[in-house]
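Student: Any chance you can model this:
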Amino acid sequence: MENARALQKAVDQQGTIIVSRPGVYDLADTVLLPSHTDLIFKANTFVRKVDEQGPFTHVFLNKGALTRTTDKAIRLEGLSLIVNDMDVRTFREVFGLHGQVSFFHVQDLRIERFRCDDVGALQYCIHICSFEDVIVNDVIIRGKKDGVHFGRGKRFVVSNGVFETGDDAIALNAHDYDVGNPEMGWIEDGVVEKCVDLDDGREIGFFCRIIAGAWVDWFKGMQVQKSDTVVSNGRLYRVRADADGRFFNSTTQPTHEHGAKELDGIMWYMVQDDVTYTAGVRNVVFRDITLKNPRIGFSVHYDSGKFSRSYYPNAPLPLQQGIVLDRIHVAHDKPSSLLNVNTPIDSITIVNSHIGKQLAVFRKTQDMVHEEPMTVFLNGCTFAKPGVTQMFFSDDQRDIHLKTANSVMLYPDARLEIEKGPAKLTVDSDVADRIAYV
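Tutor: This next block holds a predicted model:
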């Protein structure tokens, strides 16, 4: 506890704190970072989680997270973190927040020169929610859970990252499991660039998970399950339950102002008091990304299962917008799609990219009809594999316009395959003579 107390005392003074003496510093408790604080670790310094008084979740957490008060101007630089098997979700500080390094209600945050090689299976490495103006730069993250996990917020950059994660390298989870994020809403105006997704041999998760969601006003007799959300009395409430697939009949309206309360055998907890009915991602550019892990690169989806149902029947449709993939290089030979989509989205633009064995898959969503048309535009892309590349597969009825221009086919025998299923597909392609419809 001595190191944690000493570091807490130092950062409480705000300003710039520098840890320069080489060595491994054991921390046995969370250090709370206040506004206007630069915490800088110099070369050959390491922070290691240790259990001296019981397990704890966060190594670093902004102080305002405890009261949902916005902190400003925090910089964390040079942290080399050793998780040391201290991988727990206590939710003592904030329910739904469980990064080793976490920030909740923060503006002007900068994380640089960050290293962690032993992320566990329960906690995200970096978790940021309810934010404005975030830069995460020069990170190397390895382990079993998410690398950088975002909840709602606006204006962010993730750059110069190397990821070898068993779950998502980057998660833009505007909607999430009940335990996955403390608040929900829109994630917008971001850039993810100069990142590499290494092959860890597991092929689970995605390079980037993009989750949308939507919900309705509470009404008597509604059927709810784990992670369902409702609007009630000017607040958002969610169902906290086991992932056993059970549905509950809600007859008593949740109205409590904070915390959790059981009603009709349903544990409702109050999430936030600013109301939104939709959550999603818009205006995000992914640039200079190398995908070595043969898993789905970008998954733009709803959850629909026992852990979470992102879309409640008859909720408004959350139209995601403005997703751009620029200079994406698929550096493996497995038939894993670059792009997987099952939510409404206006357009996806893919430019100057190196396409692998499968480009895009479009899936239908239970309880939803996709009414908005979608455009997929490929410009200057290279189809880099011999033989057949599955260009397009759909089991959804949405209207999709597929356009390609300035394409390069590296092999004379290369062919593109489209299985459009029930989709209302129109194709305008400069390589139409290479496309087969099956």
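Student: ends of stretch 32-39, how far apart?
Tutor: With Cα to Cα, to the nearest Å as the measure, the first residue of stretch 32-39 is 11 Å from its last.
Student: Tell me which residues of it come out buried.
Tutor: Neighbour-count burial for stretch 32-39, counted by 16 or more other Cβ atoms under 10 Å, picks out 32-35, 37-39. All C-beta spots, glycine's among them, are computed from the backbone N, C-alpha and C.
Student: Then stretch 229-244?
Tutor: Those would be 229-230, 232, 235-241, for stretch 229-244 by 16+ other Cβ under 10 Å.
Student: who's in contact with that stretch?
Tutor: By Cβ atoms under 8 Å, 6 or more residues apart in numbering, the surrounding residues in contact with stretch 229-244 are 178, 184, 213, 215-218, 222, 224-228, 248, 253-255, 257, 260, 266-273, 275-277, 306-307, 312.
Student: Redo the buried residues of stretch 229-244 as a markdown table? Include distance to I204 and pLDDT.
Tutor: Converted to a markdown table, those look like this (distance: Cβ to Cβ, whole Å; pLDDT from 0 to 100):
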| residue | distance to I204 | pLDDT |
| --- | --- | --- |
| T229 | 26 | 98 |
| V230 | 31 | 99 |
| S232 | 36 | 98 |
| R235 | 35 | 98 |
| L236 | 30 | 98 |
| Y237 | 31 | 99 |
| R238 | 26 | 98 |
| V239 | 26 | 98 |
| R240 | 25 | 96 |
| A241 | 24 | 95 |
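Student: Just give me the closest of those to I328.
Tutor: Minimum distance to I328 across these is 32.5 Å, recorded for T229 (Cβ to Cβ).
Student: Identify the residue spatially nearest to the closest one, adjacent ones excluded.
Tutor: What sits nearest to T229 in space, not counting adjacent residues and going by Cβ to Cβ, 6 or more residues apart in numbering, is W215, at 4.1 Å.
Student: was I right about the one you found contacting Y312?
Tutor: Yes: with contact defined as Cβ atoms under 8 Å, W215 reaches Y312; the gap is 4.7 Å.
Student: For those two, work out which one has more neighbours and name it.
Tutor: W215 (26 against 21; other Cβ atoms under 10 Å).
Student: Mind telling me which residue is nearest the centre of the protein?
Tutor: For the chain, the residue nearest the mean C-alpha position is A171 (1.6 Å; Cα atoms, centre = their mean).
Student: Which helix or strand lies directly C-terminal to whichever strand or helix holds that one?
Tutor: Assessed by DSSP states H and E, A171 sits inside strand 170-173. Heading C-terminal from strand 170-173, the first helix or strand you meet, by DSSP H and E, is strand 187-197.
Student: List the strands paired with that next one, with their directions.
Tutor: strand 153-165 (parallel), strand 281-291 (parallel) (DSSP bridges).
Student: And the helix or strand encompassing H329, how far out from the chain middle?
Tutor: Assigned by DSSP H and E, H329 falls within strand 321-330. Distance of strand 321-330 from the chain centroid (Cα atoms, centre = their mean, to the nearest Å) equals 16 Å.
Student: rewinding a little: just send the strands paired with strand 187-197 back as TSV, with distance to G78 too.
Tutor: Listed next are these as TSV, based on distance: least, Cβ to Cβ, whole Å:
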stretch	distance to G78
strand 153-165	14
strand 281-291	24
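Student: which residue sits closest to H329, ignoring its sequence neighbours?
Tutor: Nearest one to H329, counting by Cβ to Cβ, 6+ apart, is H354 at 4.3 Å.
Student: Near the one you found, how many other residues are there?
Tutor: For H354, the count of nearby residues is 19 (other Cβ under 10 Å).
Student: now do the one 4 residues further on
Tutor: Neighbourhood size, Q358 [other Cβ under 10 Å]: 24.
Student: Then T426?
Tutor: Neighbour count for T426, taken as other Cβ under 10 Å: 13.
Student: that older thread, quick check: the farthest pair among the buried residues of stretch 32-39?
Tutor: Within the buried residues of stretch 32-39, two members stand farthest from each other by Cβ to Cβ: L32 and D38, at 15.2 Å.
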